[in-house]
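Q: Could you look at this predicted model? Sequence included:
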Amino acid sequence: METLLELGVDTVFGYPGGAVLPLYDALHWTPQLRHVLVRHEQAAVHAAQGYARTTGRVGVVLVTSGPGMSNTTTGLLDALCDSIPVVCISGQVATSAIGTDAFQECDALGISRSVTKWNVQVRETHELAHTVRKAFAIATGGRPGPVLIDVPKDVQLGLARGRGRPAFELDHRGEAYRSVKPLPIARLRAAADLMSSARRLVFYGGGGLINSGPGACEAFTALVRMTGAPCTVTLMVLGAVSASDPLWLGMLGTLEANLAMHHADVVVCVGARFDDRVTGTLESFCPGAKFIHMDIDPASINKVVKADLPLVGDCGEFLLALIEEVGPRARPSPLC
């Protein structure tokens, strides 16, 4: 619990059970942590998602083994699809009973592998604090998402030797892209040139704007106004651009937004995916457009629609850099 407090956690969502009672005992003696008791483990994950979205912090979930853990999968999948940072801590039968079909034993790692960014089972008590810190870094690094830590009951009961390792090397799943690499100036200039030469430029924003922070949303609006091009966004980003802005087309899916995208010659996609609800039939999606695609997750670029100019990194940094590049050649809209 000390590690959770150290990481800024103030609320835990969960449902107790036998295999996680030692952690609940520790929670009882940690009054700084508020526990929200749900009636189903899936609800705990959804509540943690809402908490993460509204506070900007990591949502923390605490559940027991077996059905307790397996009930979280729908919520974890939703958090993975929507890029919401959630750390789910599940109880497990004692290490000596793993693999024996013990009461409420399940393969937590196998079940959660496809619905998390990373999952791990802690086998030594002294590794627990280090693992929790790493889980938080992975959940928030790059494209945010859910992480699961499976903790056997005897590991929970063990006495930690010290506070665990304070530092660690992150693999690619936990790499923080912000300011890790220098900005690709040549690509940004090429993107600015393409935007300046466009006759029917459209901006398309997604959840990456929200994950990047308020500054990214402000930079997105500033770039839209600077170029005088209309913009549309996904459901997750409603509110990032004022609905009263004259360049606002509404959420993608409305008639105006769909027509603007269809007839665009350049589409600037910022932190959004081109899923099937957006593209429909790929062959007829934005048939005459070139695509500038910014995303912190390299796997999201060229996944569905081929990007003519891919930009991998934090969209907030890219937008600020584009404002500098586009500014001298921009033609402000008379609507702004």
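A: Now that the structure is in, tell me what you want to look at.
Q: how much space between E218 and S212?
A: E218 is 11 Å from S212, where distance means CB to CB, to the nearest Å. No exception for glycine: its C-beta is placed from N, CA and C like everyone else's.
Q: Neighbour count: those two, which is higher?
A: Between E218 and S212, counting by other CB atoms under 10 Å, S212 is the more crowded of the two (23 against 16).
Q: so the more buried one touches F318, yeah?
A: No: under the criterion of CB atoms under 8 Å, S212 makes no contact with F318, lying 9.3 Å away.
Q: Helices along the stretch 101-250 of the chain, start to end?
A: Taking DSSP state H, counting those that start in this stretch, the helices of the stretch 101-250 of the chain run over residues 108-112, 128-140, 153-157, 185-197, 207-212, 214-227.
Q: any low-confidence regions in the stretch 151-300 of the chain?
A: Applying pLDDT under 70 to the stretch 151-300 of the chain picks out residues 159-181.
Q: all strands of it, in order?
A: With DSSP state E, counting those that start in this stretch as the definition, the stretch 151-300 of the chain shows strands at residue ranges 201-205, 231-233, 248-251, 266-270, 290-295.
Q: could those be laid out in CSV, adding distance to T11 and mean neighbour count?
A: Formatted as CSV, the strands of the stretch 151-300 of the chain follow (distance: least, CB to CB, whole Å; neighbours: other CB atoms under 10 Å):
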stretch, distance to T11, mean neighbour count
strand 201-205, 29, 26
strand 231-233, 29, 27
strand 248-251, 30, 18
strand 266-270, 31, 27
strand 290-295, 30, 25
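Q: And the ones you listed: which comes nearest G17?
A: Counting by CB to CB, G17 lies closest to strand 290-295 out of the strands of the stretch 151-300 of the chain; the figure is 38.6 Å.
Q: Now do that closest one against strand 266-270, angle only.
A: On the basis of axes from the mean of the first three to the mean of the last three CA atoms, to 10 degrees, strand 290-295 is oriented at 10 degrees to strand 266-270.
Q: between strand 290-295 and strand 201-205, what angle do the directions make?
A: Calculated by the same axes, to 10 degrees, strand 290-295 forms an angle of 20 degrees with strand 201-205.
Q: Within its sheet, name the partner strands of strand 290-295 and how each one runs.
A: Under the criterion DSSP bridges, strand 290-295 sits next to strand 266-270 (parallel), strand 309-312 (parallel) in its sheet.
Q: Now render those as TSV, adding distance to R187.
A: TSV is the format used below for the strands paired with strand 290-295 (distance: least, CB to CB, whole Å):
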stretch	distance to R187
strand 266-270	13
strand 309-312	6
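Q: which non-adjacent residue is nearest V38?
A: Leaving aside its chain neighbours, V38 sits nearest to A44 (4.6 Å; criterion: CB to CB, 6 or more residues apart in numbering).
Q: What strand or helix carries that neighbour?
A: Per DSSP states H and E, A44 falls inside helix 41-55.
Q: what angle sits between that helix and helix 128-140?
A: Per the same axes, to 10 degrees, the angle that helix 41-55 makes with helix 128-140 is 70 degrees.
Q: so what's the nearest residue to G288 once chain neighbours are set aside up against?
A: In space, and not counting its chain neighbours, G288 is closest to D265: 5.6 Å by CB to CB, 6+ apart. D265 makes contact with 198-201, 288-290, according to CB atoms under 8 Å, 6 or more residues apart in numbering.
Q: Same question for Q42.
A: Contacts for Q42 (CB under 8 Å, 6+ apart) come out as 71-72, 74-75.
Q: Just the buried residues from the residues you listed, in ChimeraX please.
A: Restricted to buried positions by 16 or more other CB atoms under 10 Å, the ChimeraX selection for those reads:
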select :71,72,75
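Q: Sort out which of the contacts of Q42 are in helices and list them.
A: Among these, the ones falling in helices (DSSP state H) are 74-75.
Q: Output the contacts of Q42 in JSON lines; the columns should cover distance to V151 and pLDDT.
A: Compiled in JSON lines, the contacts of Q42 are given as follows (distance: CB to CB, whole Å; pLDDT from 0 to 100):
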{"residue": "N71", "distance to V151": "17", "pLDDT": "97"}
{"residue": "T72", "distance to V151": "14", "pLDDT": "97"}
{"residue": "T74", "distance to V151": "22", "pLDDT": "97"}
{"residue": "G75", "distance to V151": "19", "pLDDT": "97"}
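Q: and which of the contacts of Q42 is nearest V58?
A: Nearest to V58 among the contacts of Q42 is G75, at 14.3 Å by CB to CB.
Q: List the contacts of the closest one.
A: 41-46, 48-49, 61, 86.
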